[in-house]
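Student: coords please:
(one chain, ligands or ions: 1)
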Amino acid sequence: MHKFEILREKARFFNIELNDLQIGQFKEYFGFLEEFNRHTNLISSSSAETVEIKHFLDSLSMGLASNEMDLNRNLSIIDVGTGGGFPGIPLMIAFPCWRLCAVDSIAKKLEFLRIISDKLGFAERTEIISARAEELGRVPGRREGFDLAVTRAVARINVISEYCLPLVKINGHFAAYKAKTVHDELKEAQKAISDLGGTIVNTYKYTLTGDDDRNLVLIKKTGHTSGKYPRRTGIPAKRPIG
Ligand code: SAM
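Tutor: Predicted structure coming up:
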């Protein structure tokens, strides 16, 4: 059986120390991901090495933000466009005091999340919602209801800012997992971020295998989001702010 020891070792670079119980949870997550992925497309390659580094470890890069925000407290997080649970499920394993709201517009993928959060023992702290982020950002209680919004591989920063920032509480954060295009994306997203009440705090650079540039963009919610955002479903992607 794959041991996930590289994950344990490299997670330390992200300020995360994984114990045996947590490594066991990652093993169980991997086993079920591999099984489910045979009939429902959640990830393109389900080899243990790929999943360990490209999905599990990458998701844990959120730990880099621990110098800016206290991650070891009860945070309510929302993972927008979670797909197979990235980054939300690895973060729930790493930070057992968090509560997760996992959102995706494709209901089929959410069945996987229901089962895995139950298997991993945090179903009670996990809410799974089939919705478009644009709709959720207008729902009272959801709007400005989360300490942290995370999103990976969903859209460019100007678009995901409109999906995520309306959902974040004042003084909360939005973390966008990005690859190489981050600088161009940030340039074009300046207006969107400030119109939506955000301020860029930091862009953490990291690599997973040595030759792939990755970036975690941390944005703080410093002002309320205007009532005109998010616009109706499909508009943020069709006509990004700015
Ligand atoms: N975050 C996962 C990851 O990193 O592996 C999945 C990435 S997948 C490429 C993008 C996911 O975002 C899809 O599952 C899609 O259904 C979801 N998605 C795209 N736009 C969305 C929206 N406006 N609201 C909710 N989910 C959305």
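
Student: can you tell me if the biggest helix by length in the chain touches the ligand.
Tutor: The residue-count maximum for a helix in the chain (DSSP state H) belongs to helix 20-36. No: judged by CB under 6 Å from any ligand atom, helix 20-36 and the ligand are separated, with a smallest distance of 10.6 Å. Backbone N, C-alpha and C define where each C-beta goes, glycine included.

Student: What of stretch 47-61?
Tutor: No: between stretch 47-61 and the ligand, judged by CB under 6 Å from any ligand atom, nothing touches; the nearest distance is 6.6 Å.

Student: For that stretch, which outside residues touch it?
Tutor: 2, 4, 6-7, 10-11, 14, 16, 26, 29-30, 33-34, 43, 45, 84, 86-91, 94, 152, 177, 204, 206, 208-209, 214, 216 (CB atoms under 8 Å, 6 or more residues apart in numbering).

Student: So among those residues, which ones count as buried?
Tutor: 4, 7, 10-11, 14, 16, 26, 29-30, 33, 43, 84, 86-91, 94, 152, 177, 204, 206, 208, 214, 216 (16 or more other CB atoms under 10 Å).

Student: buried residues in the longest helix of the chain?
Tutor: Neighbour-count burial for helix 20-36 [16+ other CB under 10 Å]: 22, 23, 25, 26, 27, 29, 30, 33, 36.

Student: do stretch 49-56 as well
Tutor: 51, 52, 53, 54, 55, 56.

Student: just stretch 103-115 next, same as before
Tutor: Under 16+ other CB under 10 Å, the buried positions of stretch 103-115 are 103, 104, 105, 109, 110, 112, 113.

Student: again, but for stretch 223-240
Tutor: 225, 229, 230, 236, 237, 240.

Student: In helices only, show me the residues you listed.
Tutor: 236, 237.

Student: export the buried residues of stretch 223-240 to a markdown table and tack on pLDDT and distance to the ligand?
Tutor: Shown next, in a markdown table, are those (pLDDT from 0 to 100; distance: CB to the nearest ligand atom, whole Å):
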| residue | pLDDT | distance to the ligand |
| --- | --- | --- |
| 225 | 97 | 16 |
| 229 | 98 | 13 |
| 230 | 98 | 9 |
| 236 | 98 | 8 |
| 237 | 98 | 7 |
| 240 | 98 | 13 |
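
Student: Among the buried residues of stretch 223-240, give me the pair with the biggest separation.
Tutor: 225 and 237 (17.6 Å; CB to CB).

Student: Enumerate every residue touching residue 84.
Tutor: So residue 84 contacts 33, 37, 42, 43, 55, 109, 112 (CB under 8 Å, 6+ apart).

Student: if we can go back for a sec, what would the buried residues of helix 20-36 look like in CSV with distance to residue 164?
Tutor: Formatted as CSV, these follow (distance: CB to CB, whole Å):
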residue, distance to residue 164
22, 26
23, 30
25, 26
26, 26
27, 30
29, 24
30, 27
33, 24
36, 26
